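Enquirer: Task: produce atomic coordinates for the following.
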Amino acid sequence: MKIGVLVHLGENVDETFKKVADLGLDNCQLACWDGAKMTDANVEAIAQATKKYGIEISAFWCGWSGPAMWNFYEGPLTLGIVPEAHREIRCRELKQGSDFAKKLGIRHVITHLGFLPEIPLSEEYPKIVEAVRDIALHMKENGQYFLFETGQETPVTLKRLITDAKTDNLGINLDPANLILYGKANPIDALDVFGEYVMGVHAKDGKYPTNAKQLGEETPIGEGRVNFPQFIQKLREVGYDGALTIEREISGEKQKADILASIDYIKSILGGLSS
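Expert: Okay, here's the model as predicted:
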């Protein structure tokens, strides 16, 4: 396994990838929530910057427009393609992201789908399956895999969706902290459910919710409830050998310090596993 970091496509493309190189890393996931930035000019700028700094983009994290409330109340009404009011435009935006990623030679496209229905015989569930299938087939034409980031759904629900959509290019970007922050699963146990579908991993940590109204708290890696030594060992056991992409959802010097500490921490775990 290798260590990477999540970065966001900003106004200064060169600076975005210089930051990755300055961390001593050679790979990243590239995130973008603004379709206006998915231009041919940025394709060229990204190609130049990745070559200049020797950076591989392991996946494109594609956001979508409209409201996004990361909580238990407004979240089910605003996140991903689950809310019917936003589904059509967000499906188009995810296809746009797929086309942008294709120009960059990126084969994995990730997003949050939202709070997937837990009841497979509900009226909404088959509509969401069909929407996922439609996006996945578009990405298949682009030679890509469509990856779902964990968080708002249980592992069983996510695996059910993948199998019901019946395409062969669906996978999972496993964010262990998200499973904890939303109170959905222990990420190590989750690998027993859907381990064969994991094609990307976020290295992020956090704590479980305590009041049932707010998400749990994100923490620096090693200070939350993700048991990273066991988690990384379990990833190896299920055959995962891709990037461990550090995501720290704060900003400023504290973010950089936490990322650097995370790199050292993960290196120590990987070194122990290989010895």
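Enquirer: buried ones in stretch 37-50?
Expert: Across stretch 37-50, burial judged by 16 or more other Cβ atoms under 10 Å covers Met38, Asn42, Val43, Ala45, Ile46, Ala49, Thr50. (Glycine included, C-beta is placed from N, CA and C.)
Enquirer: And the contacts of that stretch?
Expert: Outside of stretch 37-50, the residues within contact range by Cβ atoms under 8 Å, 6 or more residues apart in numbering are 9, 13-14, 16-18, 30, 32, 55-57, 96-97, 99-100, 103-104.
Enquirer: Which members of the residues you listed occur in strands, if any?
Expert: Leu30, Cys32, Glu56, Ile57 (DSSP state E).
Enquirer: For burial, what's the neighbour tally of the last one?
Expert: So that's Ile57. 22 (other Cβ atoms under 10 Å).
Enquirer: Return the set of residues that bridge with it.
Expert: Cys28 (DSSP bridges).
Enquirer: Met139 versus Ser65, what's the distance?
Expert: 19 Å (Cβ to Cβ, to the nearest Å).
Enquirer: Show me which of these two is the more surrounded one.
Expert: More crowded of Ser65 and Met139, by other Cβ under 10 Å: Met139, with 25 against 13.
Enquirer: ok, the more buried one to Glu153 distance?
Expert: 20 Å.
Enquirer: Same question for Ile128.
Expert: In this view, Ile128 and Glu153 are 11 Å apart by Cβ to Cβ.
Enquirer: what is in contact with these two at once?
Expert: With Cβ under 8 Å, 6+ apart as the test, Ile128 and Glu153 both reach Leu113, Leu116, Leu161.
Enquirer: hang on, the earlier thing: who has more neighbours, Ile128 and Glu153?
Expert: Neighbour count, other Cβ under 10 Å: between Ile128 and Glu153, Glu153 has more, with 26 against 22.
Enquirer: who touches the nearest residue to the more buried one once chain neighbours are set aside in this structure?
Expert: Nearest residue to Glu153, sequence neighbours excluded (Cβ to Cβ, 6 or more residues apart in numbering): Leu116, at 4.2 Å. Going by Cβ under 8 Å, 6+ apart, Leu116 touches Val82, Tyr125, Ile128, Gln152, Glu153, Thr157, Leu158, Leu161.
Enquirer: now the strands for the stretch 51-200 of the chain?
Expert: 56-62, 108-111, 145-149, 170-174, 198-203 (DSSP state E, counting those that start in this stretch).
Enquirer: For Ala190, find the nearest of those.
Expert: strand 170-174 (7.3 Å; Cβ to Cβ).
Enquirer: strands paired with the closest one, and their directions?
Expert: strand 145-149 (parallel), strand 198-203 (parallel).
Enquirer: Thanks a lot, catch you later.
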